[in-house]
Every structure is written in structure tokens, then in C-alpha cells.
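**Q** Quick one: sequence plus predicted model below, questions after.
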Amino acid sequence: MLVRFKLNGEEVEAEAQDDERALDFLRRLGMKSVKEGCGEGECGACTIIVNGRNVVSCLMLAPELDGTETWTTEGLSKNGELDPVQKAFVDLGAIQCGFCTPGMVMSAKALLDKNPNPTEEEIKKGMEGNLCRCTGYFKIVDAVKKAAKEKN
Amino acid sequence: MEVKAPKKEVNKEGFNVVDKSVDKVDGYALVSGKPVFTDDFYPQDALTVKILRSPHAHAIIKHIDTSKAESLEGVACVLTYKDVPRVVYTRAGQGFPEPSPYDTFVLDKKVRYVGDAVAIVAAENEKIAEEALKLIKVDYEVLDSVLDFEHAEDEDAPIIHDEPEISGAYDPKHNIASHYEMEIGNVDEELSKCDVTYEGTFYTPNQSHAMMEPHAAFSYLDPNGRLTIVTSTQVPFHVRRIIKRIFGVESRVIKPRIGGGFGGKQAVHVEAYVTAVTLKTGRPARCVYTRKETMTASNTRHQMRFKVRVGADKNGKLKVIDLWGLSNTGAYGEHALTTFMVAGSKTLPLYNKVNAVRFGGDVVYTNTEPAGAFRGYGAPQGMFALDSALDELAHKLGMDPVEFKLKNSIREGETSPVFKYMGEGREGVEQIVESCKIEECALEGAKLFNWHEKRKRKRIEGTKAHGYGVAFAMQGSSIAAIDMGGATIKMNDDGTFNLMVGATDLGTGSDTILAQIAAEALHTTMDKIIVYSSDTDVTPFDTGAYASSTTYVSGNATKKAAEKMAKEILKAAAEIMKENVEDLYLKDGKVFSKNGDSLTYSEIQTRLFYTFNQRQLEVTESFVSQVSPPPYMVSFAEVEIDLETGKVEVIDFLNYVDCGTTINPILAKGQVEGATAQGIGMALYEEHIWDKNGRMVTDDFFTYKIPARDDIKNVRVYFAKSYEPTGPFGAKSVSEIGLDTPGPAIANAIYDAVGIRVHKLPIKSEELYFELVKKGIAAL
């Protein structure tokens, strides 16, 4: 079917197969930040923001994106300028291999958009669906805290 | 060939770029989600490659019919053992000749574990490839299998490797892939003289790497018909060599960004499959493992059992260590001998004052997923047994375990005979420890953790118990006299330098720290160093990212190359400025003369390009070390045990690390934090389980638990002031050692809390609960 939706602030129209996963559809549209780590909704590497909510795109079908406002990591930086969330990840060393990073960034962004002043517990809860095998998560939580501070 | 270690450094202070937490050079690309990983940029016309896998743990393919699959529209080829070269090799990405046995074929008539490859399918897209897999008909003759490594050597155990081509295995007829033993002094005699002894048996699990990016590669023929493989690998040069061995073709291997490896990508996995398809069809081919394949058909940590015997005199002097082990290498012997030896060679030298030490045992084949290299590489397995035993001994002696372990551990200026006895797969090298701050690690760590204060507290209150444990560890920095790294530096007329290294940054940040080393030695800034890693056509050789070698070996190679480049710059400047080289010096990207004249690097290379004694400044240097300086670490754990459920929470974990100079403190800290998290996973959650037919039931993130954010409480990391004279700007390794301590530190803390000695990792709450019941302290 023809999927019409707003992707990273721009109107997009593209054909999708009925059984195509949103993950594959978005990657086909060039959104390579959307990573497949498990394909079962467990690791969070394919996290995107749909209508303000962070969702795993491997458990969503492409036609479900029709009429939505969808964001991937590609849409966060403007003219090469990083979003405060992205900047905090770089500044605080919250990235090691970087494969989970776009998903982490999207979960952090969704959290801060809803709750600009999260407590540490709220950050942990907000980031719980995203696995990282490199960092032990400490610097990721620090980065979200820093981004919250800078955004305010 | 003898290559001497570099001269000792005296200047420890005043670094400009080194020992600073500069941003990762790939940070911007990664955080922006740029297409930098293997599967982000495969050719559009690439065939999708899928593998048919064995449903049986041990079977012979009697008949295989691929005709239906081949006739499916969109299928490019279906390959079986009849279609690929019958060349025996090892998937292990190690130096040549490999210490691992040659016991593997790309495809074989025999399958040796559930998940073993049976056929390769290549199709126009994933759907067709998956459909084709279902159309392949295979008749198997199912053989008896052995899943439990403690029964692999039984009289009636089936022989897993009966192929005539096998070589390098110790006794395949009895399923023994490798065997090793050594004894210094006489352990039995020493044990009989000890005032206090302890004997126990300890088990560690077959942990999965669970890197976030699954195994992935694609291959194509370049316009001249030459094979090119782009792969998420830690060992591009070994991949090139092994592909040539199997298929007899030269290739170019390119490593883009790697989405984590931890040793899991120190082997040839998908590369052989895509190569087989590209060579057969002439078309680009792409293969990405599913999470299930990554879990079930790549590698795990070697599951090990150690029987440990230790003894001391009544004054707390450790007299003897005996470690006798059994290791499970699964269906193939990847890293079998070497991981086993590291369980001794990277643990025993820590306690160098003993009169006698013995280490040995067998590495056995079973019909389970092959084990392989995994961060720590045997040391976490050996150290769990050894450190637990020393903890027992300290309690028997009535000594504080910190005091007991510290009293008996190695010091700066000392050596251990084990260094010489045990290398990796062969004899080791003698070495004097030139940097060892284990006293600072233990004493300052204890203070920061509040160790002495905490140990005075009540252990059981209500339904909770609290306990405090300590563990000591060492590792190495590279495999001495084997690991070699090269670095090439080219100067450009805009004042930048290309730093080309074969070293593979698998997320550790090695591109960044190598750039820091180059910038420091070249007296320039980070933004002037452009790092490229790794491409076998372009970058110099490097054994790869393993054995804690990159900072030390590739770092030393980079430093040597940068220093040589600095000399070349001075020489060129002297000619241009008509000065003596001795009267010139480098600072801030410029050459200065005594009288204040200066030339920028950009001006020098521009002159050399176009107008003056024309030439390109470029240097290549290699480094191989005759020693492997160990980093050291002491970790303190506080656990809370729920007496109603047996659940263990690590509420505080403090690491004090001596890794020499931290080239980039924030990245070094990240290495320790990440290793601690993986170690906590190994200690509390991670283990694979098979059903009775050998099918792994823990094959995804639902069934195989790795720590999530909420599972990791407080982890603290401190670095000792330390400087390794043979390291680049004083650095040693830091990436592996953090995995050695969580197992024993947590187990020791549990003993401290409830008096139950944990003999098996992971520590499952239900098992601990039943122990608590037996002891009468469970809250019912």
C-alpha cells in the first residue's frame, strides 16, 4: 500500500508491502540509523519516535506508519548541528561501538520531550527498553541527565 | 628475529593530548546514525545469503536434495558440502600457524551441533532465500551425541571428529581437542607441609558475547574481478589469510565500524559463506545473522571446571597453587588450547611467591555450539576458582582477604616463573614486572569502599543479608613475541596526517586513542590526525583487536611511526630553513628554530610537493613486544541477598585499576564499566541451556538475559597512578581485565553475607535460595 507520513519533518509517500516491517521500510528509505539487533522487540536498537512515543520498529508494520509523524535519528541534527541529546552522548563518552546509540538517543529524546526534568529513576525506566553491551549504561544515564540540563 | 622493546621513558608529565578525555573520533558519525556499519551500505544488487542449519546435534547427511530450492524463482544458487572446497581449517582468527586445531570445513557431510551449517542459499531477497531453505530435503543418519562436557571423555562417548583431515588436535579419538600441563616445584609435597589448605571445584558458564550488531559481511568482485569482503571483524588480516587457505583466492578485506565484538568477531563466521556465493555466481552477496544465529551458531565463552587446591602456612604465606581444569570447546576447537592456558598464565603470576604451582587439564569437544575467544579469554574462568579458593584460605586463617591476597601478590621489580612456562599455545617469555600498583589498588580501594567499616556491620537483618567481597586480578598487554601491529603516517599539504592502522576499533575507541598518541608525538592537535582502519589493501598489517593488544602494540607502532615522522619533518625543515636539525624543535604543528623562525607543517609539505626537493613524507613502523605487561585490578563488591527469594543484587562495585597511563581516561573508564557489567551478567544471569536433543533453548534476548540498565546498580572506577616503561606514553591494556573480578568478588561477598560458598556461575537465585533453606537462614 501507499504509505503517506511525515518523516523527520517532511511529507513522504512510499509504497510498502503489507507485511513489511517498519524497520525494513525505513532502512529502505535510507534511514540507516534504524538498526536491527534482535528483530523481537527486546534490544531497542530499532527505536523510533511515532506520534511522540518511542516504539520498536521491528514489531511494527510499515503500513502502520501511514498518517503518523515519525522521527528517526537522521532527523535530529539540523544542518550538521547535533541535538543536545546527541551532543551529550558524545561529550560524556556514552558511545562505545555505537550500534545501540541511535535507539538510545531516540528513547532519550522521547523521554525528555515528555518529561524535561526526569529523575534518575525515571531515566532508568525510560531507557530500560534499550540494551547496550558495551558501556554498562552509566555514561548513558549521565548523558540523558546532561541533555535535560542543557535543554532547560 | 629479535625486536627490542622501546627505551624507557622518563618524561611522565606534561602531555598535551594523551591522558585527556577527548571526544571519540567517530562519535559524531555514530550518534548521528550515519551508515557506517557493514549492513548499512551493501551493493543494491547483492544476493541475500541464508544458511540451512542442522536440527541434530550429531548426524551424517545421507542424502541432500536441493533441486526444488534451486528451481524456485529468484534463487541464485544452493551450495552443499559437494560444492565447496574440502579444505580443513580453523575459524579462529589467530596468528599463523594457529594454535587451534584444523577441524572445520565450510560445509561438511557431518554436522556436529544443532545449528551447524548444512547448506548455503543465495537468493534475490530474504523472503525467497527463506522459502528456499524450506525446500531443501536432507536425510540424516542421527548419531549419538555428547552434550555434557564432563562426559566427553567417557569410554562410550561418540567420536565427534573422525574426519581424516583433522590436524593439531591432541586426541580427537577421545574428544580431546587440547591438553596442557606444567608443574613448577612439587605441589603434593608442598600441600602436605601447609598449615592450612583448601580444595574445591568451580564451574563457569558458556556466556554469549551478545554484541548488539549481529555477525555481518558482504562480498563482491571489484571491476578487475578481485574478491572484496566487507565484514564486521576484529581480525581483517586473518580473514584474508583464511579465505585464501579455503578458496585459494586473494582478497581485499575491509572492516567498517564494528557494532561490538568482545572476541566474538575474532573468527571467520559469515565471510566464508558470502565468498562461496560470490565466487560461484560472480555477484555481490550479503549475509547478516539473525540474533538466533548469533546466539546459537557463532561462539560462546569456553565453559570450564577447575579443581583448585591451595595451601598456606599459619602466618598467611601462600605456599602452593594447583589448578586442574576441564574446558568445553564445543563442536570445534577454536581457541581451545590458548583460552585454557590463559586461565593459568593470566592468573598464576599474580601470586608469584608460592613454592610450587601446577596447572593443566583437557579441552574437550562436545556436540554444542563452538566456544571461542571472549573478553578475558580464560582468565575470568581461572580467576573465579583461584580467587574463591584464596578467599576460603583467608577465612580459615582468620585473615582479612584483602590483607591475605595483597601479602602474597606480585610487586614491581619481581617476576614469576609462570611467565616463562606459559605463553599462549606455547612456552611464554620471561619478564620482570616494571609497573605494578596493586598495593595502591588494594589499600586505596579498601578506603574508598569503606571496606573495614562495612565489615563491622551486621550481615543479616530481617529478610535481607549484606556481604562484602574482594577479588584481585591481572591480565596481559598483547601476546608477547607474537602480536604485531603496523602504523603508516602520511603528511598532507594542509597540515593534516593520515594515520593508517590495521588495528580494528570494535567500539573500544582505539581509533581515538591511536590518534591521541600520534598527535602527542607529532606535537599537533587531534583534528589534524585522520585515522583510517582497517583495509588489507591500504593499511599495514595488524594481528587484530584481541589479547588486550591494541593500546599497547598498535599504540607503540603508532608512536614509533609518529616519532619517525617527526624526525622526517625536522630533516626537511632543516633543509628548507638551512639550519642544523639539532637547532630545530616541534611545537603546535610548527617547526621552530632557535632564532624564532618557524615553518608550519602545511608550509613544509607544500614546499616538498611543489618546489623544494620534492617528495611525499610517509613512514611505516611496526611493533612487536617481547613482554606482555599485566594490568592489575582490585575490586570490592557489596551484595544484598533477599532471604525470601535468593535474589542477589550487586549494590556497590568498586574497581581500582592499574593500567598504566590512561591514554583517554573517559574511554578507559568505559572499558572497565562495560566489562564489569558483562562480568555481573556472567556472575548472576548468563548461561546457555540445551534440551536433551542439543537444541539451545536460550537463543534470544527473551531467554538469555544480559544485564539491562536497572540490573546494574552502582559501579565505581578509579585508576592508580602508574606508568609502564615499555608502553606508549606509559600505557598498558584495560579492556579485558574488568571481566576477571565480578564473578569471584560477588561470590566472596555472598560467602561473607550468608556463609555459602558459590561453586558455580551464574549464581541463580533459586539455587541460592535452596542453599539458604539448607542452612536454615532462608526467610520462609
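**A** Received, thanks. Residues are numbered from 1 along each chain as shown, chains lettered A, B, ... in the order given.

**Q** From here on, just use CA atoms for contacts and neighbour counts.
**A** Will do.

**Q** and the stretch 401-550 of chain B, which residues reach chain A?
**A** Listed as neighbours of chain A in the stretch 401-550 of chain B under the rule Cα under 8 Å from any Cα of the partner chain: B:506-509.

**Q** closest to chain A among those?
**A** Closest approach to chain A among these (Cα to the nearest Cα): residue B:507, at 3.4 Å.

**Q** Can I take it that that closest one is in a strand?
**A** No - using DSSP: H, G, I helix; E, B strand; the rest coil, the assignment for residue B:507 is coil, not a strand.

**Q** for it, what are its contacts?
**A** Going by Cα atoms under 8 Å, 6 or more residues apart in numbering or on different chains, residue B:507 touches A:96-98, A:134, B:257-260.

**Q** which of these lies closest to residue B:668?
**A** residue A:96 (10.9 Å; Cα to Cα).

**Q** Not counting residues beside it along the chain, what's closest to that closest one?
**A** Distances taken as Cα to Cα, 6 or more residues apart in numbering or on different chains put residue B:507 closest to residue A:96, at 4.5 Å, once the chain neighbours are dropped.

**Q** Residue A:13 versus residue B:517, what's the distance?
**A** The gap separating residue B:517 from residue A:13 is 49 Å, by Cα to Cα, to the nearest Å.

**Q** neighbour-wise, which of these two wins?
**A** Taking other Cα atoms under 10 Å in any protein chain shown, residue B:517 and residue A:13 do not tie; residue B:517 has more neighbours (28 against 13).

**Q** How far away from the center of its chain is the longest strand along chain B?
**A** Longest strand in chain B by number of residues (criterion: DSSP state E): strand B:318-330. Computed by Cα atoms, centre = their mean, to the nearest Å, the chain-centroid distance of strand B:318-330 equals 20 Å.

**Q** Give the next helix or strand downstream of it.
**A** Next along the chain after strand B:318-330, taking DSSP states H and E as the criterion, comes helix B:336-345.

**Q** Show residues contacting that following helix.
**A** By Cα under 8 Å, 6+ apart, helix B:336-345 touches B:99-100, B:177-180, B:302, B:323, B:327, B:329, B:359, B:363, B:371-373, B:377-383, B:418-419, B:422-425.

**Q** If you average the pLDDT over that helix, what comes out?
**A** Here helix B:336-345 scores 98 as its mean pLDDT.

**Q** now the helices: where do they sit in chain A?
**A** Counting by DSSP state H, one finds helices in chain A at the ranges A:22-28, A:84-91, A:101-114, A:120-126, A:138-151.

**Q** Redo these as a markdown table? Include mean neighbour count.
**A** As requested, the helices of chain A are exported to a markdown table (neighbours: other Cα atoms under 10 Å in any protein chain shown):
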| stretch | mean neighbour count |
| --- | --- |
| helix A:22-28 | 19 |
| helix A:84-91 | 24 |
| helix A:101-114 | 25 |
| helix A:120-126 | 16 |
| helix A:138-151 | 20 |
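
**Q** Grab the most central residue of chain A for me.
**A** Central residue of chain A (Cα atoms, centre = their mean): residue A:106, 2.5 Å from the mean position.

**Q** by contact count, what packs against the longest strand of chain B?
**A** Using 3 or more Cα pairs under 8 Å, 6 or more residues apart in numbering or on different chains; DSSP states H and E, the elements in contact with strand B:318-330 are helix B:187-193, strand B:303-312, helix B:336-345, strand B:356-365.

**Q** Compare the helices of chain A and give me the one nearest residue B:106.
**A** Between residue B:106 and these, the tightest spacing by Cα to Cα is seen for helix A:22-28, at 29.7 Å.

**Q** Please compute how far that closest one lies from its chain's middle.
**A** 14 Å.

**Q** outside of it, which residues touch it?
**A** By Cα under 8 Å, 6+ apart, helix A:22-28 touches A:16, A:32-36, A:46, A:57-65.

**Q** How about chain A: which residue is closest to chain B?
**A** Going by Cα to the nearest Cα, chain B is nearest to residue A:97 of chain A, at 3.4 Å.

**Q** Residue B:260 and chain A: what is the separation?
**A** 5 Å (Cα to the nearest Cα, to the nearest Å).

**Q** got it, and residue B:356?
**A** Applying Cα to the nearest Cα to residue B:356 and chain A gives a distance of 39 Å.

**Q** Burial check on the nearest residue to that residue once chain neighbours are set aside, number of neighbours?
**A** If the residues on either side of it in the chain are set aside, residue B:356 comes closest to residue B:185, at 4.4 Å by Cα to Cα, 6+ apart. Neighbourhood size, residue B:185 [other Cα under 10 Å]: 14.

**Q** Equivalent analysis for the one 5 residues further on, please.
**A** Using other Cα under 10 Å, residue B:190 is surrounded by 19 other residues.

**Q** same thing with residue B:127?
**A** So residue B:127, with other Cα under 10 Å, has 11 neighbours.

**Q** From chain A, how far off is it?
**A** The value you get for residue B:127 to chain A, if Cα to the nearest Cα is used, is 11 Å.

**Q** quick check, that residue in a helix?
**A** Yes - under three-state DSSP, residue B:127 sits within a helix.

**Q** buried set for the helix or strand where residue B:406 lies?
**A** Assessed by DSSP H and E, residue B:406 sits inside helix B:401-408. Going by neighbour count (16 or more other Cα atoms under 10 Å in any protein chain shown), the buried part of helix B:401-408 is B:401-402, B:404-408.

**Q** and which of the residues you listed is nearest to chain A?
**A** Among those, and counting by Cα to the nearest Cα, the member closest to chain A is residue B:402, at 26.0 Å.

**Q** tell me the contacts of that closest one?
**A** With contact set as Cα under 8 Å, 6+ apart, residue B:402 has these partners: B:442, B:470.

**Q** can you check residue B:419 too?
**A** B:345, B:349, B:428-431.

**Q** Swap in 10 Å and give it another go.
**A** Each residue near residue B:419 by Cα atoms under 10 Å, 6 or more residues apart in numbering or on different chains is listed here: B:345-346, B:348-349, B:352, B:427-432, B:627-628.

**Q** Likewise for residue B:253?
**A** Contacts of residue B:253 (Cα under 10 Å, 6+ apart): B:219, B:227-231, B:233, B:235-241, B:243, B:271, B:534-538.

**Q** Okay, it and residue B:140: tell me how far apart.
**A** 36 Å.

**Q** Residue B:466 now?
**A** 54 Å.

**Q** same thing with residue B:258?
**A** From residue B:258 to residue B:140 the distance is 37 Å (Cα to Cα).

**Q** of those two, who's got more company?
**A** Taking neighbours as other Cα under 10 Å, residue B:258 and residue B:140 compare with residue B:258 leading, 29 against 19.

**Q** How much space separates the more buried one from chain A?
**A** In terms of Cα to the nearest Cα, residue B:258 sits 6 Å off from chain A.

**Q** in what helix or strand does residue B:394 lie?
**A** Per DSSP H and E, residue B:394 falls inside helix B:379-397.

**Q** mind listing what's buried in that helix?
**A** B:379-394, B:397.

**Q** who touches stretch B:601-614?
**A** Contacts of stretch B:601-614 (Cα under 10 Å, 6+ apart): B:491-497, B:524, B:569-570, B:572-573, B:575-577, B:586, B:588-591, B:600, B:615-617.
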